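Enquirer: please work out how this folds:
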Amino acid sequence: MSLDVDKLKALTLYIIWRAGHREGFGATKLNKVLWFADARHYVMHGKPITGASYSRERHGPVPHRIAEVRDELQEAGLISVWKEPYFGAEITRFTTDSPPDISMFTADELSVADWWIKHIADEHTARSISELSHNYTWEVAGVGENIPLYAVLASRIRAPLGQELDWAKAEAERLGLL
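Expert: Numbers count the residues shown, from 1 in each chain. Predicted coordinates:
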């Protein structure tokens, strides 16, 4: 699926409208809601909500076009953006007084987004949600590299043991990999 910029803008505005006023809800949490909502919708329905591409960054997956989208929303007067100190660091915060147009979203898309907004806003700090997003999916890419959305279907499995290990070594040898 290709990026639907209008949906990315609308979902970003929706997330800010729903959670931007909450203490500690800044850029990191915004990016996490976008990532987890797109990834979960992809797993459940075979396609993401926005079609955004994500890259691996220091604090987790980040939509490639998010800075542009935030700038456009700010320039249009739809969001306010500011930085503030927060527990010895500085976070970028957002707020809006404009209820977003959600007509382009399906009920399923909004349901997935709402769950992640509530979960991340109510149950996580930026640090704890970053740790949650730093899973095997995030590790498949180097910093700055694209994280393919289908990587959410991968999981880390345990190392083979005993007969499994013997079989894996024999197969690797048979295939000329050892």
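
Enquirer: spell out the residue ranges of the helices in this structure.
Expert: Counting by DSSP state H, the chain has helices at residues 5-19, 27-45, 66-75, 107-123, 126-133, 136-139, 162-174.

Enquirer: for the fourth one, enumerate the helices and strands it packs against.
Expert: Read that as helix 107-123. Applying 3 or more Cβ pairs under 8 Å, 6 or more residues apart in numbering; DSSP states H and E, one finds that helix 107-123 makes contact with helix 5-19, helix 27-45. No exception for glycine: its C-beta is placed from N, CA and C like everyone else's.

Enquirer: turn the ones you listed into TSV, columns for mean pLDDT.
Expert: Listed next are the helices and strands packed on helix 107-123 as TSV, based on pLDDT from 0 to 100:
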stretch	mean pLDDT
helix 5-19	97
helix 27-45	93
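
Enquirer: turn those into a markdown table, columns for distance to residue 98.
Expert: Rendered in a markdown table, the data for these read as follows (distance: least, Cβ to Cβ, whole Å):
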| stretch | distance to residue 98 |
| --- | --- |
| helix 5-19 | 7 |
| helix 27-45 | 16 |
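
Enquirer: closest one to residue 147 among the helices of the chain?
Expert: Proximity to residue 147, assessed across the helices of the chain by Cβ to Cβ, is greatest for helix 136-139 (6.5 Å).

Enquirer: surely residue 96 touches residue 78?
Expert: Yes. Distance between residue 96 and residue 78: 6.0 Å, which falls inside the contact criterion (Cβ atoms under 8 Å).

Enquirer: looking at these two, which is more packed in?
Expert: Set side by side, residue 96 and residue 78 give different neighbour counts by other Cβ atoms under 10 Å, the larger being at residue 96 (21 against 17).

Enquirer: how much space separates the more buried one from residue 31?
Expert: 17 Å (Cβ to Cβ, to the nearest Å).
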